[in-house]
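[1] Sharing a model prediction with you, sequence too.
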Amino acid sequence: MRYFLLLFAIFCFLSSSFAAQLIIASYSTTTDNIVVSNGDVLAPITPAACHLLGYKMQENGTKITITSNADSKRVMVLNIGSKDATVNSVKSTLKAAPVKKNNELLLPMIALSSFMNVEYIENTKDSIYQLLPTISAAHSSYNSKDIITIISSVPIDYKFGVLDGPHRVYVDLYGTAIGKSTSANIKGNSAHTLRTNQFSVSPSISRVVADLNEECVPTFRFENNNCKLIVTLTPKIPTELKGFSLDIDDTKEFTVFKIEMNKPISPNMTKTGDKLIIPLNVTLSDTQITAVKKLSSEQIKNIDVNNDKTALELTLNKDIGYVITSAATDTNFMIRLLKGVTVAGDTPIPIVMPKKISDAVVVIDAGHGGSDSGAVGQNKTYEKNVNLDVALRVQKLLKEKGVNVIMTRETDKALVLKTRVDPGNNSGAHLFVSIHCNSCATPNTANGTETYYYTDFSKNFAEVMHTNVIDQLKRVDRKTLKGNFLVIRESAMPSVLVEMAYINHSAEEKLLNDADFKQKAAVGICNGIIAYLKSCGAE
């Protein structure tokens, strides 16, 4: 009986193994020694494979020690045939014990991925199992340039591309993984968005994309033994300062401070107390410094420059705030300085709300469009199409209530991101609403409705909007959040971005294709606009 049980155990062990493709970083091999065991996957992991992931492996009898090349205190100790392990000096229990099979050492891939902080990806349909180093990407600015820093635990193998319509630069990193797709709005010199995603699973390619306002030339250099890639984005047309001027109102109630450039700029201004800092990303000449220091008005106490001569420092008189009055495409960057009601952060409220709903002007922005499809559902539903459908429904409902509506697009066309805010900022619109569908890195892991705002004076509008949209859609309430999206950051009026539902959640993708659901979304958005206007005193 004991002999029979032993044979049965051996049979069960062998029956769980099969031929598969094993990928470790950029190295791929085919093996018969893959074993699915108790919630983990045992695979032949060699010292060379560990080295590709930035670790050293030593085998001493039944004891296996794995140590990080970057941090000698980061150590995992395993034992062949035992689930007992030690991770960074802390005892741990594995789901599956390491084994020897056909003279190969099989180690638990999921446990290793957790310890090594690498990505474990499996494709059971095609029998592909991967351990991939993850990468991170960050943005910074220097003078007139944008810097993208990409870091990996292993030497980076990459290629890049420069694309137009809209301008963007991408970097593909081979043999790496992105744990979660990201999209961050940044206020760089030329870059406005930094995105990361898993471009390909087989072969394993991560992609980092910088979305640009203008054409840039990328240059590359390595640091940290080729584990850090620094991408410098230099504008093809250098930024040049042409001059400054003041336009003072006849009544002296306000002053418009104009900075004349050779191309549009969008400086990341900051205001602390009475001082307004305007970085220009160019070095001012002594003649330019002398000229700007001579300017003065009722609103400006003093104008100076910082130590490296790249930013203006305006000291404003008491209770003076500012409003950016130029369009995103203007080469004249203009700031209106005036006394006004302010909220937290000294951000002025530039819009006086209408007394009648029929006098209200509202911008409706259907997110994405044309070559920019936005997120794509599992059944190939394009976000741009859902956004436009709902936006047109909102337009119809608002017009029926007498509201004046400005649409950023009424057809399937691509828009440069910054031009979406121009119609509202140039027309003195009262409200701005951007309509979107959400998505997440892993399908079917998130669902529900979110509403975003950026400026403090938009928060109340976002809360009113969110309540009305949730009331109609009845989806999971993912709350009102602050988000650094360009369209709500650079709109001069109260502005919100509505994420109706998750397009890569199968149930919500189905809803987003349903006419009744889209009509409910439009009704919720329309109700939110009308409710907010009424809360501001409109009748």
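    Sure thing, it's come through. Numbering: from 1, shown residues only.
[2] hey, where'd the helices end up in the stretch 301-450 of the chain?
    Here the stretch 301-450 of the chain has its helices, by DSSP state H, counting those that start in this stretch, at 383-400, 422-427.
[3] Give me whichever of those is most buried.
    Greatest average neighbour count among the helices of the stretch 301-450 of the chain goes to helix 383-400 (a mean of 21), per mean count of other CB atoms under 10 Å. Any C-beta I mention is one placed from the backbone N, CA and C, and that applies to glycine too.
[4] Report all helices and strands that that one contacts.
    In terms of contacts (3 or more CB pairs under 8 Å, 6 or more residues apart in numbering; DSSP states H and E), helix 383-400 is packed against strand 361-366, strand 404-407, strand 431-438, helix 515-535.
[5] And the average pLDDT for the second one is what?
    Average pLDDT, strand 404-407: 94.
[6] Okay, now the sheet partners of it, with direction.
    Here strand 404-407 is paired, per DSSP bridges, with strand 361-366 (parallel).
[7] for R393, what are its contacts?
    The contact partners of R393, taken as CB atoms under 8 Å, 6 or more residues apart in numbering, are 518-519, 521-522.
[8] between those residues, which has the most around it?
    For the contacts of R393, the largest number of neighbours (other CB atoms under 10 Å) sits with A521, at 28 neighbours.
[9] roughly how far apart are that one and A391?
    10 Å (CB to CB, to the nearest Å).
[10] what touches both of these two?
    Contacts common to A521 and A391, judged by CB under 8 Å, 6+ apart, are I435.
[11] In terms of mean pLDDT, which of the helices of the stretch 301-450 of the chain ranks lowest?
    helix 422-427 (a mean of 78).
[12] returning to that earlier point: would TSV of the helices of the stretch 301-450 of the chain with distance to G81 be doable?
    Below are the helices of the stretch 301-450 of the chain laid out as TSV (distance: least, CB to CB, whole Å):
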stretch	distance to G81
helix 383-400	51
helix 422-427	68
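[13] can you tell which of those is closest to S140?
    Taking CB to CB, helix 422-427 is the member of the helices of the stretch 301-450 of the chain nearest to S140, at 27.8 Å.
[14] Now find how far off-centre the closest one is within its chain.
    How far helix 422-427 lies from its chain's middle: 25 Å, per CA atoms, centre = their mean, to the nearest Å.
[15] Same question for stretch 159-168.
    17 Å.
[16] same deal with stretch 211-229?
    18 Å.
[17] the strands in the stretch 1-150 of the chain, which residues?
    Using DSSP state E, counting those that start in this stretch, the strands of the stretch 1-150 of the chain run over residues 17-24, 27-37, 40-44, 55-60, 63-68, 75-79, 82-87, 90-93, 99-101, 104-108, 119-123, 128-132, 135-142, 145-152.
[18] okay, those strands in a markdown table with mean neighbour count and mean pLDDT next?
    What follows is these, written out as a markdown table (neighbours: other CB atoms under 10 Å; pLDDT from 0 to 100):
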| stretch | mean neighbour count | mean pLDDT |
| --- | --- | --- |
| strand 17-24 | 19 | 80 |
| strand 27-37 | 16 | 87 |
| strand 40-44 | 22 | 93 |
| strand 55-60 | 15 | 93 |
| strand 63-68 | 18 | 95 |
| strand 75-79 | 20 | 96 |
| strand 82-87 | 15 | 95 |
| strand 90-93 | 10 | 94 |
| strand 99-101 | 15 | 91 |
| strand 104-108 | 22 | 94 |
| strand 119-123 | 17 | 87 |
| strand 128-132 | 23 | 90 |
| strand 135-142 | 16 | 89 |
| strand 145-152 | 20 | 93 |
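[19] Export these to a markdown table and append columns for distance to E214.
    Compiled in a markdown table, the strands of the stretch 1-150 of the chain are given as follows (distance: least, CB to CB, whole Å):
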| stretch | distance to E214 |
| --- | --- |
| strand 17-24 | 38 |
| strand 27-37 | 40 |
| strand 40-44 | 47 |
| strand 55-60 | 42 |
| strand 63-68 | 41 |
| strand 75-79 | 48 |
| strand 82-87 | 48 |
| strand 90-93 | 51 |
| strand 99-101 | 57 |
| strand 104-108 | 49 |
| strand 119-123 | 34 |
| strand 128-132 | 34 |
| strand 135-142 | 14 |
| strand 145-152 | 11 |
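[20] and N527, which of those strands is closest to it?
    strand 135-142 (37.9 Å).
[21] Packing partners of the closest one?
    Using 3+ CB pairs under 8 Å, 6+ apart, strand 135-142 is in contact with strand 145-152, strand 191-200, strand 205-212.
[22] Identify whichever of the ones you listed lies nearest to V433.
    strand 191-200 (20.2 Å).
[23] Buried residues of that closest one, list them for me.
    Applying a neighbour-count criterion of 16 or more other CB atoms under 10 Å, one finds 191-199 buried in strand 191-200.
[24] swap in stretch 530-539?
    Result for stretch 530-539 [16+ other CB under 10 Å]: buried residues 530, 532-533, 536, 538.
[25] what's the farthest-apart pair in the buried residues of strand 191-200?
    So, those by CB to CB: farthest apart are H192 and Q198, at 22.6 Å.
[26] sorry, back to before: of all the buried residues of strand 191-200, which comes closest to V256?
    Of those, the one sitting nearest to V256 (CB to CB) turns out to be H192, at 25.2 Å.
[27] Give the full set of residues in contact with the residue nearest to Q395 when sequence neighbours are not counted.
    Counting by CB to CB, 6 or more residues apart in numbering, Q395 lies nearest to V405, which is 5.0 Å off, once chain neighbours are set aside. With contact taken as CB under 8 Å, 6+ apart, V405 is in contact with 361-364, 394-395, 398-399.
[28] Ok, T67 next?
    Contacts of T67 (CB under 8 Å, 6+ apart): 55-58, 74-75.
[29] G428 - how many residues pack around it?
    Quick note: G428 (other CB under 10 Å) scores 12 neighbours.
[30] Relative to M353, how far out is it?
    Taking CB to CB, one finds G428 at 12 Å from M353.
[31] picking up where we left off before, to C440, which of the helices of the stretch 301-450 of the chain lies closest?
    helix 383-400 (13.0 Å).
[32] quick one, domains of this protein?
    With automatic domain parsing as the criterion, the domains of the chain are listed as 2-132, 135-235, 241-348, 357-535.
[33] Between these, which has the poorest mean confidence score?
    Averaging pLDDT over each of the domains of the chain puts domain 241-348 lowest, since it has a mean of 81.
[34] How is the residue nearest to S144 when sequence neighbours are not counted assigned, secondary-structure-wise?
    Nearest residue to S144, sequence neighbours excluded (CB to CB, 6+ apart): N281, at 4.2 Å. At N281 the chain is in coil, as set by DSSP: H, G, I helix; E, B strand; the rest coil.
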